[in-house]
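Student: What would the 3D arrangement of this be:
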Amino acid sequence: MAIDKEDYRTKLVITKATRAHSGNYTLITKNAAGEDECTAKVTVLDKPTKPRGPIEVSDVHSEGCTLEWKPPEDDGGTPIESYAVEKLDPETGRWIPIGRTKDPKMVVHNLQPGQEYKFRVSALNSEGESEPLETTR
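Tutor: Below you'll find the predicted structure:
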């Protein structure tokens, strides 16, 4: 963070701004005629942090289940638009998208009876996609 001062102008420069730089910044000026101050609110936008876990798996039946998790601690300064849910294909070891939801909950269908699955969830906002939260077993 750097402050550039010139006659009648002051500039605050934040290189590589992060969410931690968000907040209120107050500039106080003084001269022989007096003192004045101005406060500006700065919001640095970013992708959200990963959803909070654990992912709860319930209503398990032969071809589906219900997944539920908690929203991220930090939405990145802009609303969460959706959550992307994926399953790990037990045969290929690849993550396969199974859908998106606006709520931190999804009913999953079309699973193969007798297979064991892992799931992961990422939060999305206008700035990007979070790191995924995975089921623990």
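Student: rest of the way, CA atoms for contacts and neighbours
Tutor: Fine.
Student: tell me the contacts of the nearest residue to residue 120 once chain neighbours are set aside?
Tutor: Setting aside the residues directly before and after it, residue 120 is nearest to residue 134 in space (C-alpha to C-alpha, 6 or more residues apart in numbering), at 4.1 Å. By C-alpha atoms under 8 Å, 6 or more residues apart in numbering, the residues touching residue 134 are 54, 55, 118, 119, 120, 121.
Student: just how off-centre is the helix or strand the second one falls within within its chain?
Tutor: I take that to be residue 55. Here residue 55 sits within strand 52-61, counting by DSSP states H and E. Averaging C-alpha positions (C-alpha atoms, centre = their mean, to the nearest Å) puts strand 52-61 20 Å from its chain's average.
Student: Compute the distance between residue 130 and residue 82, please.
Tutor: Separation of residue 130 from residue 82 (C-alpha to C-alpha, to the nearest Å): 11 Å.
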